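Asks: Sequence and predicted structure are below.
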Amino acid sequence: MKTGSNVMVFGGSGVIGGAIARVFGGQGWTVGLHYHQHQTAAKKTVADIKKAGGASHLYQADITDSSQIQTLVQRFIESHFSLNVLVWAVGVGSSKLAIQTSPQDWSRTLHTNLTGA
């Protein structure tokens, strides 16, 4: 049990980030859960953590905007007085074949996955 320890999980609305957040929450960590667009999935993860007796809070930000990420981390630290672990489980991809992917979608994928904050 890590009561008093704080973790921020970026990409917490996804399958991997959500699973990581649930493990930390189940061990007594306070979990900051980041999402970009998938608020419903993020809220479900927060609810799961709270149902298991943990503490979790939602934070929305676009990871391609470093100022949003800096603000998010600052808000978390101001609210919880520390950040012990940061998990980066962010990534996007296309369900299309590469040959069917538009240049705009490919650019967004590269920008998010390679140069995101």
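Replies: That came through fine.

Asks: Test my guess that Ile20 contacts Ser13.
Replies: No: using Cβ atoms under 8 Å, Ile20 is not in contact with Ser13, being 11.8 Å away. All C-beta atoms are positioned from the backbone trio N, CA, C, and that covers glycine.

Asks: hmm, who's touching the biggest helix by length in the chain?
Replies: Taking DSSP state H as the criterion, the chain has its longest helix at helix 66-80. The contact list for helix 66-80 (Cβ atoms under 8 Å, 6 or more residues apart in numbering) reads 6, 8, 10, 30, 32, 34, 57, 59, 61-63, 83, 86, 117.

Asks: Which of the residues you listed fall in strands?
Replies: 6, 8, 10, 30, 32, 34, 57, 59, 86 (DSSP state E).

Asks: List just the nearest of these to Thr101.
Replies: Nearest to Thr101, judged by Cβ to Cβ, of these is Phe10 at 24.3 Å.

Asks: Check the burial of that closest one by counting its neighbours.
Replies: Phe10 is flanked by 25 other residues according to other Cβ atoms under 10 Å.

Asks: Quick check, pLDDT for it.
Replies: Looking at Phe10, its pLDDT reads 95.

Asks: Not counting sequence-adjacent ones, nearest residue to it?
Replies: Closest residue to Phe10 apart from its sequence neighbours, by Cβ to Cβ, 6 or more residues apart in numbering: His34 at 4.4 Å.

Asks: That neighbour against Ser56, yeah?
Replies: No: using Cβ under 8 Å as the test, His34 is too far from Ser56 to be in contact (11.2 Å).

Asks: Distance of the residue nearest to Phe10 relative to Ala89?
Replies: When Cβ to Cβ, to the nearest Å is the yardstick, His34 and Ala89 sit 9 Å from each other.
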